[in-house]
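# Build me a model from this:
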Amino acid sequence: MFQGLFQPMHLLVILILALVIFGPGKLPELGNSLGKAIRGFKKSMEEPEKEPENHSASSRIENKKQ
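Below you'll find the model as predicted:
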C-alpha cells in the first residue's frame with residue numbers, strides 16, 4: 001500500500017515545500033518541538049501505567065466508611 005512512498009525525490013520536495021512555507025527561521029523550532037513530542041510519546045509508551053492519585057484517595061475514603 002505504501003511501497004515507494006518516501007523516495008529520496010519525494011523527501012526533497014517535502015523539504016523544499018516546508019522551507020518555502022515556514023521559512024528558514026522557523027524550521028529549527030519546528031524540528032525541536034517535533035523531536036520533544038516524539039520523545040515524550042516514546043517515554044509514555046515505555047513507562048508502565050500508573051494508578052491515578054484520585055482513585056487511590058477515593059478508595060481509602062470508601063474503606064473508612066465501611
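# what's the nearest residue to Leu30 if we skip its chain neighbours?
Nearest residue to Leu30, sequence neighbours excluded (Cβ to Cβ, 6 or more residues apart in numbering): Phe22, at 6.3 Å. To be clear about C-beta, it is placed using only N, CA and C from the backbone, and glycine gets the same treatment.
# Next, that neighbour: secondary structure please.
The assignment at Phe22 comes out as helix when based on DSSP: H, G, I helix; E, B strand; the rest coil.
# Next, count neighbours for it.
12 (other Cβ atoms under 10 Å).
# And Ala18, by the same measure?
Count around Ala18 with other Cβ under 10 Å applied: 14.
# Using CSV, write out every CA atom in stretch 6-26.
Presented in CSV, the C-alpha positions along stretch 6-26 are these (Å, rounded to 0.1, in the frame of the first residue of the first chain):
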residue,chain,number,x,y,z
PHE,A,6,9.1,8.1,0.6
GLN,A,7,11.6,8.0,-2.1
PRO,A,8,14.5,10.5,-1.9
MET,A,9,12.9,12.8,-4.5
HIS,A,10,9.7,12.9,-2.6
LEU,A,11,11.5,13.8,0.6
LEU,A,12,13.4,16.5,-1.2
VAL,A,13,10.2,18.1,-2.5
ILE,A,14,8.6,17.9,1.0
LEU,A,15,11.7,19.6,2.5
ILE,A,16,11.6,22.4,-0.1
LEU,A,17,7.9,22.9,0.5
ALA,A,18,8.5,23.1,4.2
LEU,A,19,11.3,25.6,3.7
VAL,A,20,9.1,27.8,1.5
ILE,A,21,6.0,27.7,3.8
PHE,A,22,7.7,28.1,7.2
GLY,A,23,10.9,29.9,6.2
PRO,A,24,14.5,29.1,7.4
GLY,A,25,13.9,30.8,10.8
LYS,A,26,11.1,28.5,11.9
